[in-house]
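A.B. asks: Got a predicted model here, sequence first, then my questions.
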Amino acid sequence: MCLFNELSLDTGESVGYRDHRRTDAADAGRGGASIDQGQGAMRGPMHTGSLPQESRVELRRAACSDLLKLFEIHSAVFLPHIARIWGWDERWQRGNFLEEMATASTWVVQADNEVAGYLQIQNQAERIYLRNIALLPALQSRGVGTRLVGQLQAKAAERGMPIELSVFRINVAARRFYERLGFTKTQDGQTHIDMTWHSPERKQRGT
């Protein structure tokens, strides 16, 4: 079993980290794993028509060996926003990244067998919380994020649950992306905007 325990992300000091999800090296390395442990799991491999025909995009569970690469992607995607809002503290960011890995289901997005992004969700009693989607520039604006969120919406609709998330206030592109997919603003904070998606059927029922 992969516990992500005593990993430092090359900071030179160990960081106590225990993954309580049911994840092991065999599942982590298997293409086509399900997106969540609940009912109606989202599955890969995933193909999208907006990518070249020869490209193959798949999802698999994150493994210990993915941590450094996923943190590199996290930094590439989020550093510009975080640095502008609070300043970038490398040590704090590494520790916080490990904590997020411990408390969310993390899935690797692979393009042609190369790690190209990740998806993090939390399955909660009355909602699905979409914590992060991070894709390398090569996969951005090519329909991959839309497909990921669309599959998550389908599963949320099956369960009668909303999807909730937060985006940086300054990340206008992300906010517009989610608005295009049917998310609406529910709270306007100083640094973040909270957004929620409900299935059309649930809206019609007024629940």
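C.D. replies: Perfect, thanks for sending it.
A.B. asks: which residues touch the nearest residue in space to Val109 that is not next to it in sequence?
C.D. replies: Spatial nearest neighbour of Val109, chain neighbours left out: Gly117 (3.7 Å); criterion: Cβ to Cβ, 6 or more residues apart in numbering. Backbone N, C-alpha and C define where each C-beta goes, glycine included. Shown in contact with Gly117 (Cβ atoms under 8 Å, 6 or more residues apart in numbering): 73, 108-109, 133-136, 139, 144.
A.B. asks: Out of those residues, who's the most crowded?
C.D. replies: Compared across the contacts of Gly117, Val109 has the highest neighbour count, 26 neighbours, by other Cβ atoms under 10 Å.
A.B. asks: That residue is in what secondary structure piece?
C.D. replies: strand 105-111 (DSSP states H and E).
A.B. asks: Could you pull out the buried residues of that strand?
C.D. replies: 105-111 (16 or more other Cβ atoms under 10 Å).
A.B. asks: same thing with stretch 135-155?
C.D. replies: 135-136, 139-140, 142, 144-145, 147-149, 151-153, 155.
A.B. asks: Can you give the distance from stretch 110-121 to the centre of its chain?
C.D. replies: 10 Å (Cα atoms, centre = their mean, to the nearest Å).
A.B. asks: Pull out the buried positions in it.
C.D. replies: 110-111, 115-121.
A.B. asks: As JSON lines, those residues with secondary structure and distance to Gln190 would be great.
C.D. replies: Shown next, in JSON lines, are those (DSSP: H, G, I helix; E, B strand; the rest coil; distance: Cβ to Cβ, whole Å):
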{"residue": "Gln110", "secondary structure": "strand", "distance to Gln190": "36"}
{"residue": "Ala111", "secondary structure": "strand", "distance to Gln190": "36"}
{"residue": "Val115", "secondary structure": "strand", "distance to Gln190": "33"}
{"residue": "Ala116", "secondary structure": "strand", "distance to Gln190": "32"}
{"residue": "Gly117", "secondary structure": "strand", "distance to Gln190": "28"}
{"residue": "Tyr118", "secondary structure": "strand", "distance to Gln190": "27"}
{"residue": "Leu119", "secondary structure": "strand", "distance to Gln190": "26"}
{"residue": "Gln120", "secondary structure": "strand", "distance to Gln190": "23"}
{"residue": "Ile121", "secondary structure": "strand", "distance to Gln190": "25"}
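A.B. asks: For the spatially most central residue of the chain, give me its contacts.
C.D. replies: With distances taken as Cα atoms, centre = their mean, Leu119 lies nearest the centre of the chain, 2.2 Å away. Contact analysis of Leu119 by Cβ under 8 Å, 6+ apart lists 35, 59, 106-107, 109, 132-133, 148.
A.B. asks: just Gln153 next, same as before
C.D. replies: 163, 181-182, 197, 199.
A.B. asks: Great, nothing more from me.
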